[in-house]
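K.L.:
have a look at this prediction, sequence included:
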Amino acid sequence: MRHLTKACLLLAAAVCIPVQARAEGYVTPWIGASGLSSTDAGRTALGVTAGYMAAGILGFEGDFGYAPDFFGLNELGKSSAITTAGNFILGVPFGGTNGAGVRPFVSGGLVLIRTHLENDVLDVSRTNNGVDYNVGAGMMGFFSDHVGLRGDVRYLRLLQDTNLGSGIDFNPGKVRYWRVSAGVTFR
């Protein structure tokens, strides 16, 4: 009985010993370009991505983006898009989760997108909200424990059809677009 008591006490002590946390949070303000087709030269987009990875491998992230000239109308009117995403992320940390290292990753999830279009010539003002999905890939590289760079390429697609004007469809069908971004990552 005495050995059983000692074994239980040792087991309880082992369970209660603090261990180093292996989770990692990060924030990346970014700037990039977004476009509506593969031949589109792209327009400015900016935002911030914040995430959390357990053991530096699997996690989740939130992404907020703003594209001030989303449809590229220039002299024809004003347009913008705001995106808010919740993604799962899977990465492999080469060099560990502390100090210098590189982490290629893939991510994907759902996005809420709000597009807005104004055209004074046609007297059109329209705002659409929709659910979108996105997939992406990229790389994070860290110079130290707390600072690094992140870049990614992302494809986003609206799940429902859009009609942006009063009987005038500026972008028929489902909105599909890409985004390339880069930023400084703090962890």
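P.N.:
Perfect, thanks for sending it.
K.L.:
give me the neighbour count for residue 68.
P.N.:
Neighbourhood size, residue 68 [other C-beta atoms under 10 Å]: 13. C-beta: built from backbone N, CA, C; applies to glycine.
K.L.:
the host helix or strand of residue 59 pairs with which strands, and in what direction?
P.N.:
Secondary structure assignment for residue 59, by DSSP states H and E: strand 58-67. Using DSSP bridges, strand 58-67 pairs in its sheet with strand 43-54 (antiparallel), strand 78-91 (antiparallel).
K.L.:
excluding chain neighbours, what is closest to the residue nearest the centre of the chain?
P.N.:
When C-alpha atoms, centre = their mean is applied to the chain, the residue found nearest the centroid is residue 63 (4.0 Å). Spatial nearest neighbour of residue 63, excluding adjacent residues (C-beta to C-beta, 6 or more residues apart in numbering): residue 85 at 4.1 Å.
K.L.:
compute the distance between that neighbour and residue 49, please.
P.N.:
Here the criterion is C-beta to C-beta, to the nearest Å. By it, residue 85 lies 9 Å from residue 49.
K.L.:
can you work out which residues contact both of the two?
P.N.:
Taking C-beta atoms under 8 Å, 6 or more residues apart in numbering as the criterion, residue 85 and residue 49 both touch 62-64.
K.L.:
quick one: pLDDT of the residue nearest to the centre of the chain?
P.N.:
Per-residue confidence (pLDDT) for residue 63: 95.
K.L.:
same thing with residue 122?
P.N.:
Note for residue 122: predicted pLDDT of 70.
K.L.:
next one: the one 4 residues further on
P.N.:
The per-residue pLDDT reported for residue 126 equals 79.
K.L.:
what strands line up against the helix or strand harbouring it, and which way round?
P.N.:
Here residue 126, judged by DSSP H and E, is contained in strand 124-142. Applying DSSP bridges to the sheet, strand 124-142 is found paired with strand 101-119 (antiparallel), strand 147-161 (antiparallel).
K.L.:
buried residues, that strand. List them.
P.N.:
Across strand 124-142, burial judged by 16 or more other C-beta atoms under 10 Å covers 124, 126, 128, 130, 132, 134, 136, 138, 140-142.
K.L.:
could you dump it to PDB, C-alpha only?
P.N.:
This file holds the C-alpha atoms of strand 124-142, laid out as PDB (Å, rounded to 0.1, in the frame of the first residue of the first chain):
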ATOM      1  CA  VAL A 124     -26.100  54.200 -58.700                       C
ATOM      2  CA  SER A 125     -25.100  53.600 -55.100                       C
ATOM      3  CA  ARG A 126     -25.100  49.900 -54.000                       C
ATOM      4  CA  THR A 127     -23.700  48.000 -51.000                       C
ATOM      5  CA  ASN A 128     -23.600  44.200 -50.900                       C
ATOM      6  CA  ASN A 129     -22.700  41.900 -48.000                       C
ATOM      7  CA  GLY A 130     -21.900  38.300 -48.600                       C
ATOM      8  CA  VAL A 131     -20.200  35.100 -47.400                       C
ATOM      9  CA  ASP A 132     -17.000  34.200 -49.100                       C
ATOM     10  CA  TYR A 133     -14.500  31.400 -48.800                       C
ATOM     11  CA  ASN A 134     -10.700  31.800 -49.200                       C
ATOM     12  CA  VAL A 135      -7.600  29.600 -49.500                       C
ATOM     13  CA  GLY A 136      -4.100  30.800 -49.400                       C
ATOM     14  CA  ALA A 137      -0.400  29.900 -49.000                       C
ATOM     15  CA  GLY A 138       2.600  31.800 -47.800                       C
ATOM     16  CA  MET A 139       5.600  32.000 -45.600                       C
ATOM     17  CA  MET A 140       6.600  33.600 -42.300                       C
ATOM     18  CA  GLY A 141      10.300  34.200 -41.600                       C
ATOM     19  CA  PHE A 142      11.500  35.400 -38.200                       C
END
